[in-house]
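Colleague: dropping the sequence and predicted coords here.
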Amino acid sequence: MITLTETDIIQLLRKNNLNADTLQENVVLTLMKKKLKVATAESCTGGLVSERITRVSGSSEVFDCGICSYSNEIKHKILGVSEETLSVLGAVSAETAIQMAEGVKKLSGADIGISATGIAGPTGGTPEKPVGLVYCGVCTKNKTYALKLDFSLASNRVDARNYIRKLTSDAVLFTILNIIYEQM
């Protein structure tokens with residue numbers, strides 16, 4: 001599994017001449033050009049990815065469904081994350097992220113299902129799962145996988161919670177672009 005840090009996300013955006021503040025416009029335009037739809041399942045971002053996508057005029061052509069599944073009960077009932085995964089591995093795990101992405105793709109019929117689950121803080125972290133640990137799940141017709149995001153160094157910032165949520169949404173939006181260019 002690939003692990004990306006805050007520095008990695010910033011460098012990937014720079015390398016690809018992308019501005020974090022306008023990333024959602026790139027995503028929506030690229031999805032439109034390819035005639036693809038994306039659906040999101042969000043926990044720690046609280047719907048931020050969906051909000052950023054729907055901020056763009058015309059996004060209804062490429063976005064039908066965003067689920068804010070903050071509780072384990074909703075992850076299980078709506079997205080189909082197994083109770084065993086949630087009880088054994090927890091909500092913050094690669095397996096949960098993958099099942100969330102699979103669930104939202106199946107529920108919506110989108111071409112891409114993508115999820116984010118993690119610990120934005122400032123509380124809730126443990127030594128095994130610190131504040132800033134996030135998993136993103138990806139599900140397409142051809143591939144299903146998870147990315148690990150390690151934003152633990154950002155946990156000391158005054159605005160750590162909002163910054164971790166923003167970084168996560170940047171990573172998710174960049175991942176959508178990457179999926180489109182690599183797989184579709």
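Modeller: Perfect, thanks for sending it.
Colleague: what ranges does this protein have for its strands?
Modeller: 3-5, 38-42, 63-68, 112-118, 133-139, 144-150 (DSSP state E).
Colleague: tell me the contacts of the nearest residue to residue 86 once chain neighbours are set aside?
Modeller: Using Cβ to Cβ, 6 or more residues apart in numbering and skipping residues adjacent in sequence, the residue nearest residue 86 is residue 72, 4.9 Å away. Just so you know, the C-beta spots here come from the backbone N, C-alpha and C atoms, and that holds for glycine as well. Residues in contact with residue 72 (Cβ atoms under 8 Å, 6 or more residues apart in numbering) are 81, 86, 91.
Colleague: counting neighbours, which of those comes out on top?
Modeller: Neighbour tally across the contacts of residue 72 (other Cβ atoms under 10 Å): the maximum, 28 neighbours, falls on residue 81.
Colleague: pop out the phi and psi values for that residue.
Modeller: With angles defined as degrees, to the nearest 10, residue 81 sits at phi -70, psi 130.
Colleague: now swap in the one 10 residues further on and tell me
Modeller: Phi and psi for residue 91, reported as degrees, to the nearest 10, are phi -70, psi -30.
Colleague: separation between it and residue 85?
Modeller: 9 Å (Cβ to Cβ, to the nearest Å).
Colleague: go on, residue 122?
Modeller: From residue 122 to residue 85 the distance is 26 Å (Cβ to Cβ).
Colleague: more crowded one of those two?
Modeller: residue 85 (19 against 15).
Colleague: once you drop chain neighbours, what's closest to the more buried one?
Modeller: Nearest non-adjacent residue to residue 85 (Cβ to Cβ, 6+ apart): residue 95, at 5.0 Å.
Colleague: tell me the contacts of the one you found?
Modeller: Residue 95 neighbours (Cβ under 8 Å, 6+ apart): 85, 89, 146.
Colleague: and which of those residues is nearest to residue 59?
Modeller: For the contacts of residue 95, the closest approach to residue 59 (Cβ to Cβ) belongs to residue 146, at 25.2 Å.
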